[in-house]
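In: what's the 3D shape of this:
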Amino acid sequence: MIKKLIDKLLGKSGDKQAGPRRGAPALGRRVEVPKSEHGIDPSLVDERAVKVVRTLTEAGYEAYIVGGAVRDLLLGLRPKDFDVATNATPEQVKALFRRAFIIGRRFRIVHVVFGRGRDHEVIEVSTFRAYLDAAAAEQVQGNEKTSKSQLADKSHVVDASGRVLRDNVWGPQIEDAARRDFTINAMYYDPQREIVVDYHGGIADARKRVLRMIGDPQTRYREDPVRIIRVVRFAAKLGFEIEPKTREPIQRMAHLLDNVPASRLFDEMIKLLQTGHALASMQELRKQGLHRGVFPILDVVLDEQQKHDGREKFVQLALADTDRRVAEDKPVAPSFMLACMLWHDVLDRWQRHQAQGEPAFQALSLAIDEVFNARIGDISGRGKLAADMREIWMMQPRFERRSGNGPFTLVEQPRFRAGFDFLRLRADAGEIDPAIARWWEEFSQADEAGRRELLEAVRDQQAPARRSPGRRKRVRPEAPGETLSQGGDAGTQTVLSGEEAAPARKRRRRRRKSAMAAAPAVGSAD
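Out: Numbering: from 1, shown residues only. Model (predicted):
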């Protein structure tokens, strides 16, 4: 007991708590705001989050709903996710719940799971952390991957640039609030007493619709460069202005994002696109000078040098469609959004390979592989995303084939709806004939007889083209002594001289399969 007290006074980090360190920002002042002032509607609070808080407090711990959920509740919005913060350690939290799992290395947290299957809900529980200055941390020269052995069993570690690689030193709530990024994300809500605990004026900033960094922005961006992306996302999502001191270092310090693992940056990019404000996020990236070099995938969309005929309109339609789906509380698949982002990159390479003589489907497959390597790279989860994106793209030429059993097989594909929605966007952007998209929509909704009729209608439309000869002799004006006579095929004319007016010889025409029709459909059972 005496040793622990001495360690705390000397500022040594331990498993549970440590005091404030040199260079820490002002810790703020605890203010308890009653319901009469904050006005949070309890009906917007997830009952499972309340249950987690109640379980922890009944066990003798402090517990609050925290972060973005409190911010959204103050703004009258129903949060999509609920996080809880407590002074209980991860092991103590895990012991209180039947289905709870400790995850993470950089930050150890607990996932408390309710329900099963697709309907399950996860409440994320974190332990109050001490605010530690980077100068007080152990430093390694590498990163998460290259310095695994050095990071083992350590609680607080930074890399050479000051980026936090480990932050598992527990502390009091006042330090936990100072450790959070923005004032609007550093508030704690007690759903039982219905009070908001505010240390840094978060309620005032939320009302003024301002994003303000807690502490020195440069230091905080250096601790975690992903905050540069987070501030853009919050500005776009909430319609908030970035406070000048918080905004000033953004472009200058964007190079720090180069040290962030590609998988983490990729996750942040997906969040940008799934907020329901994807269009606003793209505009905010441009506004803050982050439209080039941050996300390889978005470079092809945001970079003026990457302009492509039709790309801008197509992507704008795709982002607007994504925002609409989020607003209607419909699911949004990351694979679909990324397929839209990279489609014209694929299209360029596909056309290039075909011009070099590659068969259509093989050319498309080669183009897809090249785009994956250039724009996505080796990231966690690429396999599933890549499979879904590839299927969406490989369906596109198959939509051109409206004959035989192909359409019946295609509509039964698990990803047909995603492929069709992609086709519809291409039609809206003027890339393909809208009649094709309308035909497939009718075909997918029709019964067996209706589908047969639709196929028959396509055959009837194509019949005149099949009956006409491959080449027609150009008809020139009649010269003296010449007359025009109908040849063997209706609608064709043959030039006859006055001396030789013999009937035109009917030619037999061989029908050739197109390269597209002859190629096997990838993933098809045709």
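
In: For the protein, give me the ranges with low pLDDT.
Out: Along the chain, the model assigns pLDDT under 70 to residues 1-25, 106, 117-118, 133-168, 300-310, 377-382, 463-526.

In: for it, what's the longest helix?
Out: helix 334-355 (DSSP state H).

In: Which neighbouring elements make contact with that helix?
Out: helix 262-274, helix 296-302, helix 311-327, helix 360-371, helix 382-398, helix 416-428 (3 or more C-beta pairs under 8 Å, 6 or more residues apart in numbering; DSSP states H and E). The C-beta positions use only the backbone N, C-alpha and C, and glycine is treated the same way.

In: Now tell me what touches it from outside.
Out: Outside helix 334-355, the residues that touch it by C-beta atoms under 8 Å, 6 or more residues apart in numbering are 270, 273-274, 278, 297-298, 300-301, 308, 310-311, 314-315, 318-319, 322, 360, 362-364, 366-368, 370-371, 374-376, 384-385, 388-389, 392-393, 418, 421-422, 425.

In: orientation of that helix relative to helix 262-274 in degrees?
Out: With axes from the mean of the first three to the mean of the last three C-alpha atoms, to 10 degrees defining the directions, helix 334-355 sits at 100 degrees from helix 262-274.

In: Report the buried residues of helix 334-355.
Out: Within helix 334-355, the residues scored as buried using 16 or more other C-beta atoms under 10 Å are 334-347, 349-350, 353-354.

In: same deal with stretch 449-468?
Out: Neighbour-count burial for stretch 449-468 flags 451, 454, 455 (criterion: 16+ other C-beta under 10 Å).

In: would you list the helices and strands packed on helix 334-355 in JSON lines and tack on mean neighbour count?
Out: Formatted as JSON lines, the helices and strands packed on helix 334-355 follow (neighbours: other C-beta atoms under 10 Å):
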{"stretch": "helix 262-274", "mean neighbour count": "19"}
{"stretch": "helix 296-302", "mean neighbour count": "20"}
{"stretch": "helix 311-327", "mean neighbour count": "18"}
{"stretch": "helix 360-371", "mean neighbour count": "19"}
{"stretch": "helix 382-398", "mean neighbour count": "19"}
{"stretch": "helix 416-428", "mean neighbour count": "20"}
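
In: what would those helices look like in CSV with distance to residue 183?
Out: What follows is these, written out as CSV (distance: least, C-beta to C-beta, whole Å):
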stretch, distance to residue 183
helix 262-274, 20
helix 296-302, 28
helix 311-327, 26
helix 360-371, 41
helix 382-398, 35
helix 416-428, 39
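
In: Which one of those helices lies nearest to residue 39?
Out: For those, proximity to residue 39 was assessed by C-beta to C-beta; helix 311-327 is nearest, at 24.1 Å.

In: And the contacts of that closest one?
Out: With C-beta under 8 Å, 6+ apart, helix 311-327 has contacts from 273-279, 282, 300-301, 331-332, 337, 340-341, 343-344, 421, 425-426, 428-431.

In: In the stretch 151-300 of the chain, what residue spans correspond to helices?
Out: Assigned by DSSP state H, counting those that start in this stretch, the helices in the stretch 151-300 of the chain fall at 173-179, 202-208, 217-223, 227-238, 244-247, 262-274, 278-287, 296-302.

In: Let me know whether residue 32 touches residue 199 as I believe.
Out: No - Residue 32 sits out of contact with residue 199 when judged by C-beta atoms under 8 Å, with a separation of 10.6 Å.

In: Give the residue from those two that has the larger number of neighbours.
Out: Shown here are residue 32 and residue 199; by other C-beta atoms under 10 Å, residue 199 has more neighbours (23 against 12).

In: how about the nearest residue to the more buried one, chain neighbours excluded?
Out: Once flanking residues are discounted, residue 199 sits nearest to residue 28: 3.4 Å by C-beta to C-beta, 6 or more residues apart in numbering.

In: and the one you found, how many neighbours does it have?
Out: When neighbours are counted by other C-beta under 10 Å, residue 28 registers 18.

In: OK, contacts around it?
Out: Residue 28 is in contact with 174, 177, 178, 199, 200, 214, counting by C-beta under 8 Å, 6+ apart.

In: Farthest pair within those?
Out: For the contacts of residue 28, the farthest-apart pair by C-beta to C-beta is 174 and 214; their separation is 11.9 Å.

In: Who has more neighbours out of these two?
Out: The neighbour comparison of residue 174 against residue 214 (other C-beta under 10 Å) goes to residue 214, with 25 against 17.

In: thought the more buried one was touching residue 184?
Out: No - using C-beta under 8 Å, residue 214 makes no contact with residue 184, being 10.0 Å away.

In: tell me which element the residue nearest to residue 199 is part of?
Out: Under the criterion DSSP states H and E, no helix or strand holds residue 28.

In: what's the spacing between it and residue 201?
Out: The gap separating residue 28 from residue 201 is 8 Å, by C-beta to C-beta, to the nearest Å.
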